[in-house]
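1. sharing a model prediction with you, sequence too.
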Amino acid sequence: MTGANLETIPKAARKRLHVITWGCQMNVYDSGRMADVLAPLGYAPTDTPEGADMVILNTCHIRDKAAEKVFSELGRLRRLKEAANGRMILAVAGCVAQAEGKEILARAPFVDIVLGPQTYHRLPEMVAQAARAGGAVIETEFPAEDKFDFLPEQSAPQGVTAFLTVQEGCDKFCSFCVVPYTRGAEQSRPAAAILAEARRLIAQGSREITLLGQNVNAWHGAAPDGGTWSLGRLLRGMAALPGLARLRYATSHPRDMDDALIEAHRDLPKLMPFLHLPVQSGSDRILATMNRRHTADDYLRLTDRLRAARPDLALSSDFIVGHSGETEADFEATLTLVRSVGFAQAYSFKYSPRPGTPAAGAPGQVPEAEKDRRLQALQSLLREQQAAFNAACVGTTMNVLFTGPGRHPGQIVGRSSYLQPIHAIGSVSLIGDELAVRIRDAHPNSLSGTLVQERLSA
Ligand code: SAM
Ligand code: SF4
């Protein structure tokens, strides 16, 4: 969790802010930015809701019983708020707030503020309004202004690895997905603003930056020279920033993987050879029903081109099993695609109907027990592939960017180029350095090895 530095705030003005974050990396970034927006009002982060002056629930609506989780958390917070004689501002932010704002206020009238993902730059106003009016404030319109123009330049340090949102919203309207409704239309931030934010992050000690977007490779932003850049060009601008060791971007749509982006993978050593490229299904019929606008074969050809451009590239993906209309043969096609591509890591989910999306009301809903069976079969194959990938790393030497102390005394932990957590014995003074590690062991979710004190050439 990020936020203001307590030391810089006069004691009298200090207020405690606790943010609970669900969901994706973009929500993690948003939570940090909400803390930045509230810092000038004297709010500094605290790790627990007990005794907090303000609690923000930053919610996710992508799957599962998102709203129910929020209501159950609100029940717990209500008791804390009552114990504080109501002296706690309670805000619900993010995609559940956007989708179910009115329902939240009806069922939980003790909530003070409900705000969607596009309005958090207005938080100071909302806090003042809530204090004045003593009633609930709701801001879930998509505002005409761009929130990034109103966020403070000052942001709390994120650490060795940092997230930077460059793109928001989505115009793809996949049949199953709520994002175009909760985050709104696709929007790209200008390149100059992104590069300036990256420079500030680097000055604060970040060595790795992940550019974020719901559909990040659809980014097409105003270029510093007045033209338009695509993501491939932006990555070149980012790679030229002194002090930055590593670059990543997430999450991408196969349709938006253009030549410039593939060439960036070929040409930029700082761009890590690990790409999260969600395919969702291996069945052309289901891909069409999902409105993904590519086939399984398109995906295979794309991954071949990426691997030709960057031979050490490893892939990660997202899969949905049991989408409406998915037959056993469709599911088998997904397993076939997984076997053909070979993934280093992947996320897989049971299809979860989202109210208001086309797939939710479609015929051919798959029974829950069948979704469970398919998910287990897919996950077992993906686990095998991940274990094989990790086992193949044993005996090799990998570059590791150290991010913090390990769990055991004397140990430090970092990430490989492929985002595998790697433990080694070493001094905490090495945190922030990228060093070579000889890999000795593969564990279920991490690797361990011995420091080799010089850096591998890229
Ligand atoms: N923009 C990315 C793309 O095009 O693949 C995905 C963004 S979405 C926030 C993250 C992942 O959640 C998706 O790739 C998908 O696998 C999963 N997801 C989205 N909606 C879902 C639903 N209704 N049920 C199950 N999984 C879902
Ligand atoms: Fe959702 Fe991604 Fe499809 Fe956009 S491209 S609708 S974010 S799954």
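-> That came through, no problem. Ligands and ions are numbered 1, 2, ... in the order given.
2. okay, now the unreliable bits of the stretch 51-200 of the chain?
-> The stretch 51-200 of the chain contains residues with pLDDT under 70 at 134.
3. so which bits of it are right by ligand 1?
-> Residues of the stretch 51-200 of the chain found near ligand 1 (Cβ under 6 Å from any ligand atom) are 62-63, 176-177, 179. Every C-beta, even on glycine, is put in place using the N, C-alpha and C of the backbone.
4. if we check ligand 2, which of these are in contact?
-> The subset of these within reach of ligand 2, counting by Cβ under 6 Å from any ligand atom, consists of 177, 179.
5. reformat the residues of the stretch 51-200 of the chain next to ligand 1 as TSV; add distance to residue 163.
-> TSV is the format used below for these (distance: Cβ to Cβ, whole Å):
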residue	distance to residue 163
62	17
63	21
176	25
177	21
179	17
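6. wouldn't residue 255 be in contact with residue 293 here?
-> Yes - Residue 255 is within contact range of residue 293, at 5.5 Å (criterion: Cβ atoms under 8 Å).
7. element containing the nearest residue to residue 350 once chain neighbours are set aside, please.
-> Of all residues not flanking residue 350 in the chain, residue 371 sits nearest, at 4.2 Å (Cβ to Cβ, 6 or more residues apart in numbering). Applying DSSP states H and E as the criterion places residue 371 in helix 368-393.
8. in the next helix or strand after that helix, which residues are buried?
-> Next in sequence after helix 368-393, counting helices and strands by DSSP H and E, comes strand 397-405. Neighbour counts over strand 397-405 (16 or more other Cβ atoms under 10 Å) mark 398-403 as buried.
9. same check, this time on stretch 201-219
-> 201-202, 206-219.
10. part of a strand, is residue 412?
-> Yes - the assignment for residue 412, made by DSSP: H, G, I helix; E, B strand; the rest coil, places it in a strand.
11. show me what it is bridged to.
-> residue 405, residue 424 (DSSP bridges).
12. contact residues of the stretch 51-200 of the chain facing ligand 2?
-> Residues of the stretch 51-200 of the chain lying close to ligand 2 (Cβ under 6 Å from any ligand atom) are 170, 172-174, 177, 179-180.
13. please list only the buried members of these.
-> Neighbour counting by 16+ other Cβ under 10 Å classes 170, 172, 174, 177, 179-180 among those as buried.
14. quick one: the residues of the stretch 51-200 of the chain next to ligand 1 as CSV, columns for secondary structure too.
-> CSV is the format used below for those (three-state DSSP):
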residue, secondary structure
62, coil
63, coil
176, coil
177, coil
179, helix
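15. from the residues of the stretch 51-200 of the chain next to ligand 1, which two are the most distant?
-> 63 and 179 (11.6 Å; Cβ to Cβ).
16. residue contacts, the residue of the stretch 51-200 of the chain found nearest ligand 1?
-> Proximity of the stretch 51-200 of the chain to ligand 1 (Cβ to the nearest ligand atom) peaks at residue 176, 4.0 Å away. For residue 176, the contacting residues are 290, 320, 323, 351, 353-354, 357, 359, by Cβ atoms under 8 Å, 6 or more residues apart in numbering.
17. what is the burial count for residue 241?
-> Neighbour count for residue 241, taken as other Cβ atoms under 10 Å: 15.
18. that one and residue 200 touch, don't they?
-> No - Residue 241 sits out of contact with residue 200 when judged by Cβ under 8 Å, with a separation of 10.9 Å.
19. what's across from the closest residue to residue 216 other than its chain neighbours in the sheet?
-> Leaving aside its sequence neighbours, residue 216 sits nearest to residue 249 (Cβ to Cβ, 6+ apart; 5.0 Å). Listed beta-bridge partners, residue 249: residue 211 (assigned using DSSP bridges).
20. distance check, residue 249 against ligand 1.
-> 12 Å (Cβ to the nearest ligand atom, to the nearest Å).
21. and the helix or strand harbouring residue 329, how far from the chain's centre?
-> Using DSSP H and E, the element containing residue 329 is helix 328-341. Mean-position distance between helix 328-341 and its chain equals 26 Å (Cα atoms, centre = their mean, to the nearest Å).
22. what angle do that helix and helix 368-393 make?
-> 10 degrees (axes from the mean of the first three to the mean of the last three Cα atoms, to 10 degrees).
23. show me what helix 328-341 is packed against.
-> Judged by 3 or more Cβ pairs under 8 Å, 6 or more residues apart in numbering; DSSP states H and E, the packing partners of helix 328-341 are helix 284-289, helix 296-309, strand 314-321, helix 368-393.
24. out of these, which comes closest to ligand 1?
-> Closest among these, using Cβ to the nearest ligand atom: strand 314-321, at 3.3 Å.
25. is any residue of the closest one near ligand 2?
-> No - no part of strand 314-321 sits near ligand 2 under the criterion Cβ under 6 Å from any ligand atom; the closest distance found is 8.1 Å.
26. next one: stretch 248-268
-> Yes - residues of stretch 248-268 are located near ligand 2 by Cβ under 6 Å from any ligand atom, namely residue 253.
27. re earlier: where's the residue nearest to residue 216 relative to residue 25, distance?
-> From residue 249 across to residue 25, the span is 11 Å (Cβ to Cβ, to the nearest Å).
28. and these two? Which one has more around it.
-> It is residue 249, of residue 249 and residue 25, that has more neighbours when counted by other Cβ under 10 Å, with 26 against 14.
29. that older thread, what's the most buried one of the helices and strands packed on helix 328-341?
-> Neighbour counts (mean count of other Cβ atoms under 10 Å) averaged over each of the helices and strands packed on helix 328-341 peak at strand 314-321, with a mean of 22.
30. show the average pLDDT along that strand.
-> What strand 314-321 shows for mean pLDDT is 98.
31. roughly how far is it from the heart of the chain?
-> Relative to its parent chain, strand 314-321 has a centroid offset of 15 Å by Cα atoms, centre = their mean.
32. likewise stretch 60-71?
-> Mean-position distance between stretch 60-71 and its chain equals 17 Å (Cα atoms, centre = their mean).
33. thank you kindly, that will do.
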